[in-house]
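In: Fold the stuff below for me.
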Amino acid sequence: KMRRAFEASFKFDETGLPRVWQRGDDVNTECQAAQDGARKLLDLFAAVPKDGPHGEVVLVDEGTKVGLLQNLILEARTQYLAAKQAQDAIAVKPRAPVWMLGLLAVVALREVANLMPRFLVPGFLVQWLSLCGLFLVGLVVLAKAVGARPLLGAVGLVNPRGAQMLQRLFVLAGVMADQEPARAEPQVGPPRGGAK
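Out: Residues are numbered from 1 along each chain as shown. Prediction:
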């Protein structure tokens, strides 16, 4: 009866149909509420009040009660894990990283340029665009490996506008969240160009 009470509260919805867990559902709270309801049922059946000199009749002794509670906990844990797996399966949407799409675009550009006649697209233009694309993809991979902030700080020391453009690239590639604009680190030592 405890298992049925738990399943009726946790596994099935109000209409009696199997519950479909959505991403925003709070599985922990629902599981705890269902367990509490099943425990109350055990307490209700453990001792039945009786008119007379003894006061109540014990139907379930303490050892059996502990065993039933352990079985309930195991059943609840199994149902909880199944619900979490169902919830996580809904959220997974495989997607190619943006830097991988950029690399694919660079390779595709080279292949298209090789198929075109040489007078339509000069070779130096194709190689220059390919090198720029590979450089940007390399920057994104490096930012994923060491972090975006050190790269932005280094570029910001040399070219603050370049650091802003690089930050937009990192946001587009998903390396970092859209935050405040990158700032150059404070300069240490004498200003460039000598003291006046």
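
In: can you give me the mean pLDDT across the helix or strand in which residue 65 is found?
Out: Under DSSP states H and E, the secondary-structure element containing residue 65 is helix 62-91. Along helix 62-91, the predicted local confidence has a mean pLDDT of 82.

In: How far off centre is that helix?
Out: A distance of 24 Å separates the centroid of the chain from that of helix 62-91, by Cα atoms, centre = their mean, to the nearest Å.

In: Can you mark which positions in the next helix or strand after it are buried?
Out: Reading on from helix 62-91 to the C-terminus, the next helix or strand found by DSSP H and E is helix 98-115. By neighbour count on 16 or more other Cβ atoms under 10 Å, the buried set for helix 98-115 is 98, 99, 102, 103, 106, 113. (Each C-beta comes from the backbone N, C-alpha and C, glycine too.)

In: And stretch 167-176, by the same measure?
Out: Using 16+ other Cβ under 10 Å as the test for burial, stretch 167-176 gives 167, 169, 170, 173, 175, 176.

In: nearest residue to residue 99 other than its sequence neighbours?
Out: Excluding its sequence neighbours, the residue lying closest to residue 99 (Cβ to Cβ, 6 or more residues apart in numbering) is residue 140, at 4.1 Å.

In: ok, now how distant is the one you found from residue 20?
Out: Between residue 140 and residue 20 the computed distance is 38 Å (Cβ to Cβ, to the nearest Å).

In: Equivalent analysis for residue 66, please.
Out: As judged by Cβ to Cβ, residue 66 and residue 20 stand 34 Å apart.

In: Check residue 129 too.
Out: The span separating residue 129 from residue 20 equals 49 Å under the rule Cβ to Cβ.

In: Show me which of these two is the more surrounded one.
Out: Legend: neighbour count by other Cβ atoms under 10 Å for residue 129 and residue 20, higher for residue 129 (16 against 10).

In: Tell me the first helix or strand C-terminal of the host helix or strand of that one.
Out: When secondary structure is defined by DSSP H and E, residue 129 falls within helix 123-146. Once the chain leaves helix 123-146, the next helix or strand it forms, by DSSP H and E, is helix 148-158.

In: residues of that following helix that come out buried?
Out: Of the residues in helix 148-158, those with enough neighbours to count as buried (16+ other Cβ under 10 Å) are 148, 151, 152, 155, 156.

In: Give the next helix or strand downstream of it.
Out: Sequence order places helix 160-173 as the next helix or strand after helix 148-158, per DSSP H and E.

In: got the contact list for the nearest residue to residue 106 once chain neighbours are set aside?
Out: Of all residues not flanking residue 106 in the chain, residue 133 sits nearest, at 3.5 Å (Cβ to Cβ, 6+ apart). For residue 133, the contact set (Cβ atoms under 8 Å, 6 or more residues apart in numbering) comprises 102, 103, 105, 106, 109.
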